[in-house]
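>>> Here's a sequence, model it:
(2 chains)
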There are 2 protein chains.
Amino acid sequence: MDERIKKHAEILTDWSTSVSEGDNVLIRANPSAHELVVALHAEIGKRKANPVTIYTSNDASRAYLLNREGEMKTPEHMHSLFDKSDVVIAIHADDNLTAMGDVPGERLSALSKAHKPIMKLLSEKRISITQFPNNASAQMAGMSLEAYQDFVWGAIIRDWQEVHDMQEVLRERLADADEVRITGPETDITLNIGGMVPINSDGKNNLPSGEVYVAPHPDSTEGKILFDMPMILRGREVEGVMLEFSGGEVVDFSAERNEDLLKSLLETDDGARRLGELGIGTNRQIDRFTRNILFDEKMGDTIHLALGYAIPRSVGEGKKGNESAIHMDLIKKMEKGKMYLDGEMVMEKGKFVWE
Amino acid sequence: MDERIKKHAEILTDWSTSVSEGDNVLIRANPSAHELVVALHAEIGKRKANPVTIYTSNDASRAYLLNREGEMKTPEHMHSLFDKSDVVIAIHADDNLTAMGDVPGERLSALSKAHKPIMKLLSEKRISITQFPNNASAQMAGMSLEAYQDFVWGAIIRDWQEVHDMQEVLRERLADADEVRITGPETDITLNIGGMVPINSDGKNNLPSGEVYVAPHPDSTEGKILFDMPMILRGREVEGVMLEFSGGEVVDFSAERNEDLLKSLLETDDGARRLGELGIGTNRQIDRFTRNILFDEKMGDTIHLALGYAIPRSVGEGKKGNESAIHMDLIKKMEKGKMYLDGEMVMEKGKFVWE
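Numbering: from 1, shown residues only, chains lettered A, B, ... in the order given. The predicted model follows:
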């Protein structure tokens, strides 16, 4: 077994989820992540905890949904499995990332609605979402498996305490700030984060991570921004997205490619036209776009804004975060941009002034 | 997908476990059974039931157990998952059937002890244990994958109502009988089943099935018997087993090969030297020994006796079935044998007198 798989399992059970004696650990994995599942079992054994592994598969979900008519209820056995788990480790590694492409959207929505109480339980758990490098994901990134393995484990196998400490400077600056302004080519946008809670995302809930994010006030965004990285929606790329905000709401938009998808996204609900997140990517091991949001949004020297719902813990007490059925990240490279906090420039060409 | 996989999934969800609307279905499967998992998801979808699939793997269990020291407790999340399930479908198909060979026996025992309350729950569920034909199982049987697929699905895809009706004649005869006598080369043995409950095993709890079994009175067995099919214990074959009983207990034994394993089996506990089951195999689609007890014990024209515990539902109300930590089936071909019920011959050379 590749030593990096063992190291990956060690980081997941140690740094990310602190698995300890007696913990009930739930692993979710596709068969192509088999070696990481095996390595996790060794680590969970060493820590005297109890593993259960759920088999996830786009093929199986597709077969179920294509044949499943009518309303769906929350499956009680699945709910109680999650309810009694202390730790959840979710490994992404399906053999075919486009296998759900012909499942009608309303079936997917019915399933996610039925699973909503289960997803809600997750916020109370020590949870980590990670990626195992397989051919399907390598192909989605336009890479060989070997090069993709180097990429994935390069981003994952890091000194996360050091990442935490480095990001802490940024988190503190954001915590003290009210107004964030981002400028660059075709971009000049401001949003207010006063009293909101910036989160140091340091390899726990997401592995890899490497970002600091915060919920903006939903009615505060003003100005326009050009996103120069593609947004992936239902397997299709929406490129060159331009959004213009007034009073927090998108009042104008365009895209160079697949603008119709962007339009339908914005029409999902009222919250889909407002921001739920400002994120700043710091993981410079992620040096390319791989069509995988777990990696893309953490890319060093980028920022992202998410249309849709705000992550509750990034919303200040007594403050209102944006609400929506969607959460769609849009990424902007900062190599030609600047970021200001309350008028003071803190980032230029991707570098922080304190670096 | 091979049409036989769809048929297999249909029999499992229809005849074997009667999956219906709202049922919580738990599938246990190794990744090499992927296609059957997918086919089951389609059937479960049609029936508006809810699937959860647990990933089983000898590799993962081995990694866990080699690293897991000390006492183990029943994992609460796994227990509640089984507890809230209405139907359990367990698919055997590991990629390496000998992968657990270097796990110390005491770790396996500690795990089975911790899982005992979960196993106990299974008796209240609609459960079916089945096999998906993969290369590891084909190799264990000494066959090609293609020939093994024909063998497995030949035994599984049958008119189970017809099997049930055919076996019902035998079940009724056993229900009326007190003394069973089996004779043949180096064999003349009697045991008492009066007041016990013969079970028509017709493709529900085991798929394939094709046997009628009953618990004998634990102190009733007298005489000797030669088993001409190998017994597989920890991946090793014990051949030419001869057992001699008095007062229900094994008083003499021998084996042509690996007698030491037979000896250690008999020394497990007191119940390991008494019988827990008489079974009569009726599935003539199973025409060869494949080193897989799910198939071997159902082979047409054979009988088997199990050392160790009696299946509770085959024990009559108020009667005592044998108790032990083990249940080990020993199989005898009846091509040169006869079986008598209360002195009346009912089987000769494997054929029932009413056939």
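
>>> okay, CA-based contacts and neighbour counts for the rest of this
Fine.

>>> Near the nearest residue to A:Thr17 once chain neighbours are set aside, how many residues? Count them for me, please.
Distances taken as C-alpha to C-alpha, 6 or more residues apart in numbering or on different chains put A:Arg126 closest to A:Thr17, at 5.4 Å, once the chain neighbours are dropped. Other residues lying near A:Arg126 total 18 when counted by other C-alpha atoms under 10 Å in any protein chain shown.

>>> Repeat that for A:Met347.
Counted with other C-alpha under 10 Å, residues neighbouring A:Met347 total 20.

>>> Any idea what A:Leu226 is bridged to?
Bridge pairing for A:Leu226 (DSSP bridges) gives the partners A:Met242.

>>> In contact with it, which residues?
Contact partners of A:Leu226, counting by C-alpha atoms under 8 Å, 6 or more residues apart in numbering or on different chains, are A:185-187, A:240-243, A:332.

>>> Name the next helix or strand downstream of the host helix or strand of A:Val88, please.
Following DSSP states H and E, one finds A:Val88 within strand A:87-92. Later in the chain than strand A:87-92, the nearest helix or strand by DSSP H and E is helix A:105-122.

>>> Just the C-alpha atoms of that next one, please, in PDB.
Written as PDB, here are the backbone C-alpha positions of helix A:105-122 (Å, rounded to 0.1, in the frame of the first residue of the first chain):
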ATOM      1  CA  GLY A 105     -34.100  16.600 -11.100                       C
ATOM      2  CA  GLU A 106     -37.400  16.100  -9.100                       C
ATOM      3  CA  ARG A 107     -36.300  12.600  -7.900                       C
ATOM      4  CA  LEU A 108     -33.000  14.100  -6.700                       C
ATOM      5  CA  SER A 109     -34.900  16.800  -4.900                       C
ATOM      6  CA  ALA A 110     -37.300  14.300  -3.300                       C
ATOM      7  CA  LEU A 111     -34.400  12.200  -2.100                       C
ATOM      8  CA  SER A 112     -32.500  15.200  -0.700                       C
ATOM      9  CA  LYS A 113     -35.700  16.400   1.100                       C
ATOM     10  CA  ALA A 114     -36.100  12.900   2.600                       C
ATOM     11  CA  HIS A 115     -32.500  12.900   3.800                       C
ATOM     12  CA  LYS A 116     -32.600  16.500   5.200                       C
ATOM     13  CA  PRO A 117     -33.000  15.400   8.800                       C
ATOM     14  CA  ILE A 118     -30.000  13.100   8.400                       C
ATOM     15  CA  MET A 119     -27.900  16.000   6.900                       C
ATOM     16  CA  LYS A 120     -29.000  18.100   9.800                       C
ATOM     17  CA  LEU A 121     -27.500  15.500  12.300                       C
ATOM     18  CA  LEU A 122     -24.100  15.900  10.600                       C
END
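
>>> gap between it and the chain center?
18 Å (C-alpha atoms, centre = their mean, to the nearest Å).

>>> That helix vs chain B: in contact?
No. Using C-alpha under 8 Å from any C-alpha of the partner chain, helix A:105-122 stays clear of chain B, with a minimum separation of 10.5 Å.
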